[in-house]
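# attaching a predicted model along with its sequence, questions to come.
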Amino acid sequence: MKQHVDLLLMNIGQLLTMESIGPKEGKDMQELVMLEDAVVGITNGKVVLIGERESEEGIQAAEVIDCQGKLVSPGLVDPHTHVVFGGSREHEMALKQQGVPYLEILKQGGGILSTVEHTRQATEDHLYEKAYFHLDRMLSHGVTTAEIKSGYGLDVETELKQLKVAKRLQQNHPIDLVSTFLGAHAIPHEYKDDPQAFLDEMVGMLDLIKIEELAEFVDIFTETGVFTVEQSRDYLTRAQEKGFGLKIHADEIDPLGGTELAADLGASSADHLVGASDEGIKKLAESKTIAVLLPGTTFYLGKETFARARKMIDEGVRVALATDFNPGSCPTENIQLIMTFAALKLNMSPEEIWNAMTVNAAYAIGRGEQAGQVVVGRQADLVIWDAPNYQYLPYHYGVNHVNTVIKNGQIVSRRREVSET
Ligand SMILES: O=C(O)CC1=NCN=C1
Ligand SMILES: [Zn+2]
């Protein structure tokens with residue numbers, strides 16, 4: 001009796017299933033669950049069969065893709081992006097080249113506050129169309145699940161506008177999206193003399209955000225000239241009491257101790273961590289908080305010092321990777337480029353990078369049971385790569401290696417029929 005499937009991927013050189021119960025931590029990140037010379041069967045949007053070549057004999061498929069010995073992986077997960085925004089900040093490049101620091105540009109009313117002006121002026125439809133375009137580009141680079149943040153409104157009306165755009169994108173775009181409320185992203189001009197009053201106003205939005213299901217996580221930028229650790233602790237504690245998951249932009253530029261705060265509060269993730277202290281890394285290792293590292297941002301800010309990923313992994317921390325796509329500190333949707341930065345600047349192995357971009361990234365945004373793995377019974381989110389093996393992607397950088405993206409069993413992005421490798 002032949003088994004019928006809707007779609008059969010055959011002749012897969014390496015299939016990274018990334019099978020894992022829970023996020024990978026520490027040395028377990030070196031483990032890569034993989035099948036050679038494999039096949040995958042998909043029916044009704046779900047994976048129904050994973051096996052060696054022989055298992056295809058008993059299969060009847062409505063559609064077959066000959067993967068020509070290529071690499072196949074789960075769809076990538078990007079757990080930290082700021083994809084809903086107006087305008088752009090290319091004019092800041094000259095300031096950066098003159099050595100004007102990121103926080104100085106912000107202090108002068110540029111940076112985030114420049115994007116806030118554009119976002120406040122933009123219509124909801126314009127923000128939607130623009131973000132849809134960026135998400136299409138992310139999809140074409142292999143991302144099938146992503147987090148998106150608000151944070152360019154810094155007032156009730158515009159923060160709600162961004163979150164409503166994110167909700168419309170969740171309903172319409174192929175990428176599965178998880179929303180984060182980042183109203184506490186910077187201190188707007190109107191509140192420059194009273195940041196606590198601004199935070200209180202943002203806290204006042206949380207009940208509505210919860211009722212309207214506009215965000216699952218609450219995030220804050222804990223940084224010099226933005227919000228202090230104590231302000232952040234109070235703000236996030238109030239969010240936690242209202243049932244939100246927590247994230248922190250922590251120790252991105254100055255080592256204020258946001259890493260320790262994230263671990264203390266049991267945050268889902270602590271993000272950036274370039275300045276994370278030894279104590280902060282120790283606390284992370286003792287917690288369930290996932291370290292989301294953003295080497296593309298460190299590169300783009302022109303910094304020499306990157307997050308201490310090696311120390312984190314060696315001490316047992318759960319590490320994920322993300323683009324931090326945003327118009328100011330990391331304007332790229334190319335998550336594959338982040339693989340190369342993780343290899344060369346964070347000194348992570350290919351195995352650790354793949355776990356950080358699939359399993360751990362999914363758990364960092366509460367989608368560990370749905371995304372980041374190719375497992376029978378789960379939604380069929382896969383990428384066929386124009387690459388002979390998993391080491392190839394971090395190695396050959398700056399280009400898009402996607403051949404085909406499959407989302408919920410449907411081919412949603414296809415670049416070429418014939419491989420270059
Ligand atoms: O500069 C931006 O727009 C995004 C950012 N937030 C905190 N660090 C970078
Ligand atoms: Zn960010």
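Right, received. Where do you want to start? Ligands and ions are numbered 1, 2, ... in the order given.
# going forward, measure contacts and count neighbours with C-alpha atoms only.
Fine.
# is Lys247 in a bridge, and if so with what?
On the basis of DSSP bridges, Lys247 is bridged to Asp219, Ser269.
# can you count the residues close to it?
Lys247 has 29 neighbours, counted by other Cα atoms under 10 Å.
# what does Arg367 give?
For Arg367, the count of nearby residues is 20 (other Cα under 10 Å).
# that one belongs to a strand?
No - under DSSP: H, G, I helix; E, B strand; the rest coil, Arg367 falls outside any strand and is assigned coil.
# nearest to ligand 1: which residue in the stretch 301-421 of the chain?
Nearest to ligand 1 in the stretch 301-421 of the chain, going by Cα to the nearest ligand atom, is Gly328, at a distance of 4.2 Å.
# could you pull out the helices for the stretch 301-421 of the chain?
Counting by DSSP state H, counting those that start in this stretch, the segments of the stretch 301-421 of the chain that form helices are 309-314, 335-344, 350-357, 359-364, 392-395.
# need the winner for burial among those helices.
Of all the helices of the stretch 301-421 of the chain, helix 359-364 carries the top mean neighbour count, a mean of 30, counting by mean count of other Cα atoms under 10 Å.
# just the CA trace of it, in CSV.
Provided in CSV are the C-alpha atoms of helix 359-364 (Å, rounded to 0.1, in the frame of the first residue of the first chain):
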residue,chain,number,x,y,z
VAL,A,359,16.1,25.8,17.7
ASN,A,360,17.3,28.5,20.1
ALA,A,361,16.0,31.4,18.1
ALA,A,362,12.5,29.8,18.1
TYR,A,363,12.6,29.3,21.9
ALA,A,364,13.7,32.9,22.4
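# any idea of the mean pLDDT for it?
Computed over helix 359-364, the mean pLDDT rounds to 98.
# looking at the stretch 151-300 of the chain, which residue is nearest ligand 1?
Using Cα to the nearest ligand atom, the closest approach of the stretch 151-300 of the chain to ligand 1 is made by Phe221 at 6.1 Å.
# can you lay out the helices of the stretch 301-421 of the chain as CSV showing distance to ligand 1?
Conversion of the helices of the stretch 301-421 of the chain to CSV gives the following (distance: least, Cα to the nearest ligand atom, whole Å):
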stretch, distance to ligand 1
helix 309-314, 19
helix 335-344, 16
helix 350-357, 20
helix 359-364, 18
helix 392-395, 24
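# which one is the residue of the stretch 301-421 of the chain closest to ligand 1 nearest to, not counting chain neighbours?
Arg89 (5.9 Å; Cα to Cα, 6 or more residues apart in numbering).
# the one you found contacts Ser329, doesn't it?
No - using Cα atoms under 8 Å, Arg89 makes no contact with Ser329, being 9.4 Å away.
# list the buried residues of stretch 217-237.
If you call a residue buried by 16 or more other Cα atoms under 10 Å, then stretch 217-237 has these buried ones: 217-223, 226-229, 231-233, 235-236.
# out of those residues, which are inside strands?
Residues of the buried residues of stretch 217-237 located in strands (DSSP state E): 217-222.
# re the thing from before, for Leu346, see how far away the residue of the stretch 151-300 of the chain closest to ligand 1 is.
Remark: distance between Phe221 and Leu346 (Cα to Cα, to the nearest Å) = 22 Å.
# over to Lys247?
As judged by Cα to Cα, Lys247 and Leu346 stand 21 Å apart.
# for Gln68, same thing?
Applying Cα to Cα, the value for Gln68 to Leu346 is 32 Å.
# the more surrounded of those two?
Comparing Gln68 with Leu346 by other Cα under 10 Å, the one with more neighbours is Leu346, at 21 against 15.
# now do the contacts for the more buried one.
Going by Cα atoms under 8 Å, 6 or more residues apart in numbering, Leu346 touches 295, 306-310.
# same check on Phe227?
184, 186, 195, 220-221.
# and those as JSON lines, adding pLDDT and distance to Leu273?
Output for the contacts of Phe227, formatted as JSON lines (pLDDT from 0 to 100; distance: Cα to Cα, whole Å):
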{"residue": "Ala184", "pLDDT": "98", "distance to Leu273": "18"}
{"residue": "Ala186", "pLDDT": "98", "distance to Leu273": "18"}
{"residue": "Pro195", "pLDDT": "96", "distance to Leu273": "24"}
{"residue": "Ile220", "pLDDT": "98", "distance to Leu273": "14"}
{"residue": "Phe221", "pLDDT": "98", "distance to Leu273": "12"}
